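1. sequence plus the predicted model coming up.
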Amino acid sequence: MSAVPDRHRNGRGPQAEVIAMTPVADIPSRRLFDAVGLRETERCGRWGADQVLCGSRGPASAG
């Protein structure tokens, strides 16, 4: 039994999505994101460079 109340009534307790954005060319950061389970969800051009957005839920097509 969990000490944390299950406010979401899903049997898993509170859930959170982790997101992070980094330049596509920043390979060390992208490897770190992959190591902790973040997956690429989107690419865009911001701040003068191509960026990659990573999230804990993966791409929308993953279901």
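-> Sure, I can see it.

2. per-residue confidence at Met21?
-> Met21 is assigned a predicted lDDT (pLDDT) of 88.

3. give me the element it is part of.
-> Assigned by DSSP states H and E, Met21 belongs to strand 19-23.

4. list the buried ones in that strand?
-> Thr22 (16 or more other Cβ atoms under 10 Å). To be clear about C-beta, it is placed using only N, CA and C from the backbone, and glycine gets the same treatment.

5. partner strands of it, with direction?
-> Strand 19-23 sits in its sheet next to strand 49-55 (antiparallel), going by DSSP bridges.

6. what's in contact with the partner strand?
-> 17-25, 30, 33, 38-45 (Cβ atoms under 8 Å, 6 or more residues apart in numbering).

7. out of these, which are buried?
-> Among these, those buried by neighbour count (16+ other Cβ under 10 Å) are 22, 30, 33, 38, 41.

8. let me know the secondary structure of the second one.
-> Going by DSSP: H, G, I helix; E, B strand; the rest coil, the secondary structure assigned to Arg30 is helix.

9. what does the last one give?
-> For Thr41, the reduced secondary structure class is strand; criterion used: three-state DSSP.
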